[in-house]
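J.: Quick one, fold the following:
(chains A and B)
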Amino acid sequence: MQKQRYLLLMDETGESASHDLRNELAASSLPVEVHPVTLESLHRSELTALLFRQWIGTYLYLLVSWPLLEPLRQLAEDAGFSEQEMECHGLGPHTRQVFCSACQKMNQTEDETVISCHFCGEELSVSEHYSKRLQAFLGYTSIR
Amino acid sequence: MSDQLSRFPYPFNSDTYRYSNNSVLLDPPIAIEVTPEYLEEMTLKRSLLANHPNRCYQSLPHTIPAQWEIASLVLHHLHETYPEDFSLTKEGNSWTFSNHKLNETQQFVFGDVSTLPWEPLDFVGRHVQEDLILMGQRDGDLFLDAGQLCFPANWSLEFNLGMNFVEIHSPIPGFANGNLDEKIRNFIMKLEVGQPWVRRNWSLNAGKRLDASLETFHQWGQMRKQVTAENAGETVYLRVEVQKLFRLPRSHAVLFTIHSYLITLHELAQNRAYLEQLYHVLVELPAFIAEYKGMKLYKQQVIQYLEYELQKERG
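T.: Sure, this is the predicted structure:
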């Protein structure tokens, strides 16, 4: 896709983090639109309408805190943005999901590399093996 | 040579082993092999499916048409290859399949899921020793869209469902070197109707365990600590997967079948050439492959056992 304009969606944390990016985009000759988002605005029709009325050629940047990133990315995908038409940046503290290979339940973690499964108690080493469908990293059991 | 050893799909053709695309054209082009272990393995498969349905069967909703193609292929292959054990009669879309080995008959309307007790892939998988995987092909990629998997070699169907080919194989150390992962994916994407391929993959298993599922690794993996040079002949098995690839003509999806075979090292060692070659392969095997194939803890014990057997034969 030939980029023809940029659309930036950001929350408060994205304001300061996007400083360099905004300078960079401003220096390009393409139009740039910036819109603030919050957890509340996520469910308002204005945001949905904004995404749905974009033309082919709009390149989307999401710069938001981690809890907001996935629902926003999902909304953009529903509006027809493909992986190649957007860039997602999660900001601030990050919780990630770890799928327990022993009991198949989902653990919420931060950046630990070894956890005890909250459900079955098995020790899990958190791998880089990631499922987009489950939005989770695989936690492997061990035989120690 | 024993019957089991003469039937065993021995995997090596050289004294060294590396990851490669070792596929060859499948001749005859039959997806299914029924072995003397059929009844034993079907009993195990059915009990795993009953007790662990999510572990053993997964499918995405758009796969039903491709599943019917697989059902048709498998039932025809069973009937045509083993007519005394399996029969298939058709009157229009009304099909009757009989499995004489299990004394079961199923009537159904081909294309109508409501006439089968399970989804079509889940149904035919209950009549064959093979695990059956359905890979969808779209957007220049292959996706794990459905599967019945009772005898995995330490991976999780539930976790991997929906992933593309490269994502599925990302945990294999060194597999992406030289873009081997993409090359193999591209090879499979060019698969043609009526030209199925076959390859053999191998690993070692501590203990006799076809259902080496990732979900129960913390249990069966413990056996790895029990292996000694003295007991390796009986406790360690060479595990070989015969993997076949078929293009499905209507959905353009790919059927990937996996038939898993186990044989003790003691049994395998009855063939002097096999014994010698396995010894050389293991001695030379790089650590990253040994680790991924799960034999790091007991590779030395196995090598010692094989050395001992070789010396015995030299007298």
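
J.: So which bits of chain B are right by chain A?
T.: B:54-55, B:156, B:158-163, B:167, B:170-171, B:214-218, B:221-222, B:224-225 (Cβ under 8 Å from any Cβ of the partner chain). Just so you know, the C-beta spots here come from the backbone N, C-alpha and C atoms, and that holds for glycine as well.

J.: swap the cut-off to 10 Å and go again
T.: Residues of chain B lying close to chain A (Cβ under 10 Å from any Cβ of the partner chain) are B:52, B:54-55, B:60, B:139, B:144, B:154-156, B:158-164, B:167-168, B:170-171, B:213-225, B:297.

J.: Restricted to buried residues, select the residues you listed in ChimeraX.
T.: In ChimeraX syntax, the buried subset of those is picked out as below (16 or more other Cβ atoms under 10 Å in any protein chain shown):
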select /B:52,55,144,154,155,156,158,159,160,161,162,163,164,167,168,170,171,213,214,215,216,217,218,220,221,223,224,297
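
J.: So which of the residues of chain B next to chain A belong to strands?
T.: Among the residues of chain B next to chain A, DSSP state E puts B:Leu144 in strands.

J.: pLDDT wise, what is A:Ala130 at?
T.: No Ala there; residue A:130 is Tyr. Per-residue pLDDT puts A:Tyr130 at 95.

J.: and chain A, which residues reach chain B?
T.: So chain A meets chain B at A:82, A:99-104, A:120, A:122-124, A:127-134, A:136-144 (Cβ under 10 Å from any Cβ).

J.: Restricted to helices, list those.
T.: The helices, defined by DSSP state H, take in nothing from those.

J.: Would you write a PyMOL line that selects the buried entries of these?
T.: Under the burial definition 16+ other Cβ under 10 Å, those of the residues of chain A next to chain B that qualify are selected in PyMOL by:
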select buried, chain A and resi 99+100+101+102+103+104+122+124+127+129+130+131+134+136+137+138+139+140+141
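
J.: Give me the below-cutoff pLDDT ranges for chain B.
T.: B:315 (pLDDT under 70).

J.: I'd say B:Leu238 and B:Trp202 touch.
T.: Yes - assessed by Cβ atoms under 10 Å, B:Leu238 is found in contact with B:Trp202 at 6.5 Å.

J.: anything in contact with each of these two?
T.: B:Tyr10, B:Pro11, B:Phe12, B:Tyr261, B:Leu278 (Cβ atoms under 10 Å, 6 or more residues apart in numbering or on different chains).

J.: Among these, which lie within strands?
T.: B:Tyr261.

J.: could you redo the shared contacts of B:Leu238 and B:Trp202 as CSV and give each row neighbour count?
T.: Output for these, formatted as CSV (neighbours: other Cβ atoms under 10 Å in any protein chain shown):
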residue, neighbour count
B:Tyr10, 19
B:Pro11, 21
B:Phe12, 17
B:Tyr261, 23
B:Leu278, 25
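
J.: Show me which of the shared contacts of B:Leu238 and B:Trp202 is closest to A:Thr113.
T.: Of all the shared contacts of B:Leu238 and B:Trp202, B:Pro11 has the smallest distance to A:Thr113: 34.6 Å, by Cβ to Cβ.

J.: CA atoms only: put the helix of greatest length in chain A into PDB for me.
T.: Across chain A, the longest stretch assigned as helix under DSSP H is helix A:66-78. This file holds the C-alpha atoms of helix A:66-78, laid out as PDB (Å, rounded to 0.1, in the frame of the first residue of the first chain):
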ATOM      1  CA  TRP A  66      -1.200  -1.600  27.000                       C
ATOM      2  CA  PRO A  67      -4.700  -2.300  28.300                       C
ATOM      3  CA  LEU A  68      -6.100  -0.100  25.500                       C
ATOM      4  CA  LEU A  69      -4.000  -1.500  22.700                       C
ATOM      5  CA  GLU A  70      -5.600  -4.800  22.000                       C
ATOM      6  CA  PRO A  71      -9.300  -3.500  21.900                       C
ATOM      7  CA  LEU A  72      -8.200  -0.600  19.800                       C
ATOM      8  CA  ARG A  73      -6.200  -2.900  17.400                       C
ATOM      9  CA  GLN A  74      -9.300  -5.100  17.200                       C
ATOM     10  CA  LEU A  75     -11.500  -2.200  16.300                       C
ATOM     11  CA  ALA A  76      -9.100  -1.000  13.600                       C
ATOM     12  CA  GLU A  77      -9.000  -4.600  12.200                       C
ATOM     13  CA  ASP A  78     -12.800  -4.600  12.100                       C
END
